[in-house]
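Q: Provided below for reference: sequence and predicted model.
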Amino acid sequence: MRKTTRSLLAAACAAVAFAAAGCGTTSENTGQAQAQDPTRNCQGPNGKYTIGMSQANLAEPYRVRMDDDIRKAAARVPQFEVEFADAAKDNSKQVSDVENFITKQVDLLVISPNEAAPLTDVVRKAYRKGIPVIVLDRKVEGDAFTTYIGADNVQIGRQAGEYFKNVLLPQGGKIVQLKGLSGSTPAAERERGFREGIQGSKIEIVATADGEWERSVGQQKMDALLKAHPDIQAVYAQNDPMAEGAYLAAQAAGRDDLKFVGIDGLPIPSGGIKAVEEGRLEATNLYPTGGAEAVEAAKKLLIDCQPVPKIQTLQTELVTKDNAAEVYARLNQS
């Protein structure tokens, strides 16, 4: 009797696999997407649309800039109202934020996940309820989203590694790495790319510490790294705030000889491009926020009734003292 009941339940699940989310389908377990019409909420230019923006952590200047870019771009679309939520680096809060947007029945969700795995289920839930989902900067697992917008973090890491190999330490040397939050996809990808970039050189990464993407944490970790590895020549930091924190730790330790490279290249007075211009960093690697691109994708989906590519890759470039002023001016033209 029990076997028959299980068989009937399995048959029922198979029959309603696209309609019922509670039957434990393969796509649920793997995070793979079911079919979704990404323009289903489109009412054309006469509609009014609420967009929910779930941000990972506004303690990072990069994420403040991302929200500002979204706010600025959305202000040019009178049909859009954007509601912002800050998870403050708390996965459970970000899940709750997204659940709240689902309850409010927003017309579209933009999310920059704090970490991939903990946010995958709730993003998939929003997507399966018919809410178009734009994943920005950091990824989730599987493909239950409408579009992902971000730069190629492996390429960016490789670009940084090649700069170390070809320019900064052509004869080799010992360095330390300050890594971003370990569960976030850019942290793993930027490390993989960097290791590919220095391959074949005599550069040795003697230690890696998790700086959690924040300046203050990067400074603390760098202080400990300097005590443990006083013979290093340079620091690869996976974002500019950690690089600046490492610079402050090195200054406090009297290590004016160290060289620092970061990632982000925010075109703001306190950002990485100015840090390169002013000599604190040797280089940074441009990592666009994607804020304007996210609003443009939302416009296509909700107003123009057009689909968007599943993956949208933003361009990067290496910023050194030679081109820092030009890049800063160019990025602030808009």
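A: Now that the structure is in, tell me what you want to look at. Numbers count the residues shown, from 1 in each chain.

Q: quick one, what contacts N57?
A: The contact partners of N57, by C-beta atoms under 8 Å, 6 or more residues apart in numbering, come to R63, D86, A87, A88, K89, N114, W213. The C-beta positions use only the backbone N, C-alpha and C, and glycine is treated the same way.

Q: mind listing what the third one touches?
A: It refers to A87. A87 sits in contact with S54, Q55, A56, N57, K93, Q94, D97, N114, where contact means C-beta under 8 Å, 6+ apart.

Q: got phi/psi on it?
A: phi -80, psi -10 (degrees, to the nearest 10).

Q: excluding sequence neighbours, find me the nearest residue to it.
A: Q94 (3.4 Å; C-beta to C-beta, 6 or more residues apart in numbering).

Q: so the one you found sits right up against A116, yeah?
A: No: using C-beta atoms under 8 Å, Q94 is not in contact with A116; the gap is 11.7 Å.

Q: and T39, its phi and psi?
A: Torsion angles, degrees, to the nearest 10, at T39: phi -110, psi 20.

Q: ditto for T316
A: phi -120, psi 170.

Q: with the one 3 residues further on instead?
A: The main-chain torsion angles of V319 are listed as degrees, to the nearest 10 and equal phi -120, psi 120.

Q: buried set for stretch 107-121?
A: 107-116, 118-121 (16 or more other C-beta atoms under 10 Å).

Q: which of the residues you listed sits closest to P38?
A: L108 (9.5 Å; C-beta to C-beta).

Q: follow-up on the earlier one: for the residue nearest to A87, give me its contacts.
A: Counted by C-beta under 8 Å, 6+ apart, Q94 has contacts S54, A56, A85, A87, I111, P113, N114, P118, L119.

Q: pLDDT and distance to L136 added to the residues you listed, as CSV?
A: Output for those, formatted as CSV (pLDDT from 0 to 100; distance: C-beta to C-beta, whole Å):
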residue, pLDDT, distance to L136
S54, 98, 9
A56, 96, 10
A85, 98, 13
A87, 97, 13
I111, 98, 7
P113, 96, 9
N114, 94, 12
P118, 96, 17
L119, 97, 12
